[in-house]
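Asker: Mind looking at a prediction? Sequence and model below.
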Amino acid sequence: MSPLFDHPVTCTVSKEPDRLFAQPLDQVPDFAFNEDVVRVFPDMIKRSVPGYPTIVENIGVLAAQFAKPDTVLYDLGSSLGAVTQAMRRHVRTDGCRVVAVDNSAAMVERCAEYLKAQDSMHQELLPVQVLEADITALPLQPASVIAMNFTLQFIEPPARLELLGKIRQALVPGGALILSEKLRFEDMQEHALLTDLHIAFKRANGYSELEIAQKRSAIENVMKPDSLEEHRERLLAAGFSKVVPWFQCLNFASLIALP
Ligand SMILES: C[S@@+](CC[C@H](N)C(=O)[O-])C[C@H]1O[C@@H](n2cnc3c(N)ncnc32)[C@H](O)[C@@H]1O
Ligand SMILES: O=C(O)C(=O)C[C@]1(C(=O)O)C=C[C@@H](O)C=C1
C-alpha cells in the first residue's frame, strides 16, 4: 500500500480558487452546496478547515482499523468524495464496499466523476456507489465504518439525535462512527479565542476580511455547531458506549464513537 500522505487529497479534483465571497454582496444569501460551491469546494474546505487534509487521510487509516468483512463503509455528506477516496485507498478488507451519500445533486454528479478518475488511476479499490439522498431519510445497511466529516453541523439540530440513533443501530460490533465537526465552546473566553484563531487561519490562507465576514454571514443560518460536551452526551443518548476525540485543531475536531 502507498505510504500515508503520498496522495494529496486534491490530486484528482478541481484546483479552482475560492473567490465566492470576494466581492461585496448587497445581500449575502444563505450558504448552499450548489454548482458555484462545487467548483471551488476543494480549495474552500482546505483553506477554511484547519487540519482538513490530515483528518481526511487519517479517516482512511481509521477505517482500515474498524472495517469488518462484508459490510458497508458509509461516507455521509460526502461532497466530492474526499473521505470516500481515502477509505478506498486504505481499506483492503474482503467484501467491503463504500457508499457515498449527499443530497446536493451538483456534489453527487462531480463526486461520481472524481471516483471514476480514481478508478482509472488505481487498482484493487473497494467498489463504490454514490447516492443522491437525504441522510436523515436513508435506511442504512449493516456498516462497520460510518464517516460524517463536517456534515452533522448542517442537519437541523432537532433531527440530530434520531440520525445518530439510526447510525448506532446500523453499526456492527467492532465498527465505529467517525464524526468531524466545527465546535462551539461553552466557556465564552475559550470560544472567543478559538474563533479569533480560526479567523487568523483563514487570513493566513489568503481570505480577506470581506470574504471572511460574508462567508460567516452566509453560513450562520445553515450551520449550527455544537460543543464537545453536547456531542458526547447526544452520542451516549443515541446508544454509543464510548466517545474518543482523536483530532482537534483550533475549533475543528474529530471523534470516534464506538457502538
Ligand atoms: C462540509 S460538507 C462535507 C465535506 C466532506 N465530507 C469532505 O470531507 O470533503 C457537508 C455536505 O453535507 C451535505 N449534506 C447536508 N445535509 C445533508 C443531508 N440531509 N443529506 C445528505 N447530505 C447532506 C452537503 O450537501 C455537503 O456536501
Ligand atoms: O467555519 C467556516 O468558515 C467554514 O468554512 C467551515 C465549513 C465547514 O466546517 O464545513 C463550512 C462550509 C464549507 O463547506 C467549508 C467549511
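Answerer: Thanks, I have the structure now. Ligands and ions are numbered 1, 2, ... in the order given.

Asker: In a strand, Pro173, correct?
Answerer: Yes - with DSSP: H, G, I helix; E, B strand; the rest coil as the criterion, Pro173 is assigned to a strand.

Asker: Number of residues surrounding the residue lying closest to it once chain neighbours are set aside?
Answerer: Spatial nearest neighbour of Pro173, chain neighbours left out: Pro259 (6.7 Å); criterion: CB to CB, 6 or more residues apart in numbering. (Glycine included, C-beta is placed from N, CA and C.) By the criterion of other CB atoms under 10 Å, Pro259 has 20 neighbours.

Asker: List the residues that contact Pro259.
Answerer: 168, 171-173, 175-177, 239-241 (CB atoms under 8 Å, 6 or more residues apart in numbering).

Asker: Quick check: Ala32 vs Ala159, distance?
Answerer: To Ala159, Ala32 is 18 Å away according to CB to CB, to the nearest Å.

Asker: Can you tell me the SS state at Pro245?
Answerer: strand.

Asker: Could you tell me which residues of this protein lie near ligand 2?
Answerer: Within reach of ligand 2 by CB under 6 Å from any ligand atom, the chain has these residues: 44-45, 48-49, 150, 182, 215, 219, 223.

Asker: In strands only, show me those.
Answerer: The members of the residues of the chain next to ligand 2 that map onto strands under DSSP state E are Lys182.

Asker: Now the residue in the chain positioned nearest to ligand 1: closest residue in space, sequence neighbours ignored.
Answerer: Closest to ligand 1 within the chain is Gly77: 2.9 Å, counting by CB to the nearest ligand atom. Leaving aside its chain neighbours, Gly77 sits nearest to Thr151 (2.6 Å; criterion: CB to CB, 6+ apart).

Asker: Which parts of the stretch 51-200 of the chain are helices?
Answerer: 52-66, 82-90, 105-121, 160-170, 188-204 (DSSP state H, counting those that start in this stretch).
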